[in-house]
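[1] Okay, here's the prediction I keep looking at, along with the sequence it came from:
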Amino acid sequence: MIKPRIFRTVFACLLLCSCVAMVQAQQEQGSPGPALATPTSMPVSNNAGPSQPQLQQRYPRYKIQREDVLLLSFPLSPELDQTVTVQPDGYIELLNAGSIHVQGLTVPELVQALKKAYTGVLHDPIINVDLKDFQKPFFTVSGQVGKPGKYELRSDLTVAEAIAVAGGLAPTAKTQIFLFHRTSNDWFEVKKLNLKDILNGKNPNEDALLKPGDMIYVPEKFITKFRKYVPYSLNAGAYLSPNPF
């Protein structure tokens, strides 16, 4: 007599074999079998973190300033060639086209503005703009240096080089200096630099590159400020007045 446990095992094996046979028969006849679950590909994000700020352009285009002299030429309409000076309010007067505000524009932006201004006079004009006279890039050094003042920025200069151009540090100067850079009409970006570490080679990469309009301020040592307000000096333990008589 077959035991119930053995009977159940044999029955399960027969049932499994019949299911496998049915699947093989369906595949041979071309009938679709049971749908198999396929792994779905998840979209992979390329942004591992917050978007990184783009690098600032090292060589920005010159922006037109007050008192700049511009030479406007029209190759197909030479009768409109003209030389204009940017007025104190930032406008220029155009021949047969009124006035437009140009202060703060780059030369390519000015060309587009001129084409728009001459739309009613010329059809798709060709206009060339040359800077005949313009504001020279400059930087300013103030405080405890040999020759404080305003200097032309004729080439790439770092803060240490600019201080050398201004006569170097005075004996009363601190080595912690400040670099001011105007980011807008209302805001300045201030960077503190340790000139002693830069010149000693500890942090040479911190020597910032100057941009047009930057200002360097070299403060005075505290001990120098303190001595200005001490009315007496000590000599051999006795108080001596600067003006004893």
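    Alright, I've got the coordinates. Numbers count the residues shown, from 1 in each chain.
[2] Go ahead and confirm residue 188 touches residue 182.
    Yes. The pair residue 188 / residue 182 is scored as a contact, 5.6 Å apart, by CB atoms under 8 Å. All C-beta spots, glycine's among them, are computed from the backbone N, C-alpha and C.
[3] so what's in contact with these two at the same time?
    Between them, residue 188 and residue 182 share no neighbouring residue, with contact defined by CB atoms under 8 Å, 6 or more residues apart in numbering.
[4] What is the least confident helix or strand in the protein?
    The helix or strand of the chain with the lowest confidence, counting by mean pLDDT, DSSP states H and E, is strand 238-240 at a mean of 47.
[5] Give me the buried stretch members for stretch 120-137, please.
    122, 125, 127, 129, 135, 137 (16 or more other CB atoms under 10 Å).
[6] what's the distance between the second one and residue 77?
    From residue 125 across to residue 77, the span is 7 Å (CB to CB, to the nearest Å).
[7] Report pLDDT for the nearest residue to residue 158 once chain neighbours are set aside.
    Counting by CB to CB, 6 or more residues apart in numbering, residue 158 lies nearest to residue 207, which is 4.4 Å off, once chain neighbours are set aside. With respect to pLDDT, residue 207 has a value of 88.
[8] tally of neighbours for residue 207?
    Other residues lying near residue 207 total 15 when counted by other CB atoms under 10 Å.
[9] One more: residue 60?
    For residue 60, the neighbour count with other CB under 10 Å is 10.
[10] Quickly list the domain ranges of this protein.
    Using automatic domain parsing, the domain ranges for the chain come out as 69-133, 138-225.
[11] Remind me which helix or strand residue 60 belongs to.
    Assigned by DSSP states H and E, residue 60 belongs to no helix or strand.
[12] where are the low-confidence patches of this protein?
    For the chain, applying pLDDT under 70 flags the ranges 1-59, 222-245.
[13] Any chance of the domains of the chain in TSV with distance to residue 61 as columns?
    Compiled in TSV, these are given as follows (distance: least, CB to CB, whole Å):
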stretch	distance to residue 61
domain 69-133	4
domain 138-225	12
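[14] just the helices in this protein please.
    4-29, 107-117, 159-165, 195-199, 222-228 (DSSP state H).
[15] before we move on, back to that, out of the domains of the chain, which comes closest to residue 62?
    Counting by CB to CB, residue 62 lies closest to domain 69-133 out of the domains of the chain; the figure is 6.7 Å.
[16] Next, the distance between the ends of that closest one.
    Domain 69-133 has an end-to-end distance of 5 Å (criterion: CA to CA, to the nearest Å).
[17] quick one: contacts for the nearest residue to residue 61 once chain neighbours are set aside?
    Counting by CB to CB, 6+ apart, residue 106 is the residue found nearest to residue 61 once chain neighbours are left out, at 4.1 Å. Contact partners of residue 106, counting by CB under 8 Å, 6+ apart, are 61, 62, 63, 64.
[18] Now list the buried members of those.
    In the contacts of residue 106, burial by neighbour count holds for 63, 64, counting by 16+ other CB under 10 Å.
[19] so can I have CSV of the contacts of residue 106 showing distance to residue 199?
    Listed next are the contacts of residue 106 as CSV, based on distance: CB to CB, whole Å:
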residue, distance to residue 199
61, 34
62, 32
63, 34
64, 38
